[in-house]
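Engineer: I need the structure of the sequence given here:
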Amino acid sequence: MPEMTGTLKTYTEYLHFHTKKRREMIHITPQLEEIVARSGIRDGFCFVSPMHITAAIYVNDHESGLIADIEEWLEKLAPARPDYRHHQTGEDNADAHLKSLLLHHEITLPITNGHLDLGTWQRAFYAEFDGQRRKHVIVKLMGVAAPAQR
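Structural biologist: Here you go, the predicted model:
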């Protein structure tokens, strides 16, 4: 087993979104890579979680046809419709809550040699199901920082 040298470190940043549409899938891998670079962490983990119950984070291929297929699949399983019991409370976003349950509420990605260690086609996405207002995603990293140069 390789020896880990350096200091154990944590680092936190937030991503902010204000979507133009109520439902959007946003590719966030480049932003996560930038955060990893700023953190100074060489080996560890990158935890990503939306701070809202009507949003999700997931990993999949960044291909427009697949993204459209995912959106269509979610709509079939949790269609927007007026007869949800949740709507009796004055809300109109029950389908957004259900869609977020079908995808992941958080992801943990490995960091190796100061970069996200993703498979060939793996990319991270923020899925918004009740947008058009300001939303936040926490990005928390933990790992070993590069040793200080002497």
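Engineer: CA atoms for contacts and neighbours, from now on please.
Structural biologist: Fine.
Engineer: so where's the protein uncertain?
Structural biologist: For the chain, the stretches with pLDDT under 70 are 1-5, 148-150.
Engineer: closest to the centroid, which residue in it?
Structural biologist: Note on the chain: the residue nearest the mean C-alpha position is I57, at 3.3 Å, using CA atoms, centre = their mean.
Engineer: which residue is the nearest non-sequential neighbour of that one?
Structural biologist: Y126 (4.8 Å; CA to CA, 6 or more residues apart in numbering).
Engineer: strands along this protein, start to end?
Structural biologist: Listed in chain order, the strands of the chain (DSSP state E) span 8-18, 24-27, 41-50, 55-60, 107-112, 115-116, 123-128, 134-145.
Engineer: need the contact list for V137.
Structural biologist: Going by CA atoms under 8 Å, 6 or more residues apart in numbering, V137 touches Y14, L15, H16, V48, S49, P50, M51.
Engineer: of these, buried ones?
Structural biologist: Y14, L15, V48, S49, P50 (16 or more other CA atoms under 10 Å).
Engineer: the fourth one contacts I138, correct?
Structural biologist: Meaning S49. Yes - counting by CA atoms under 8 Å, I138 is a contact partner of S49 at 5.4 Å.
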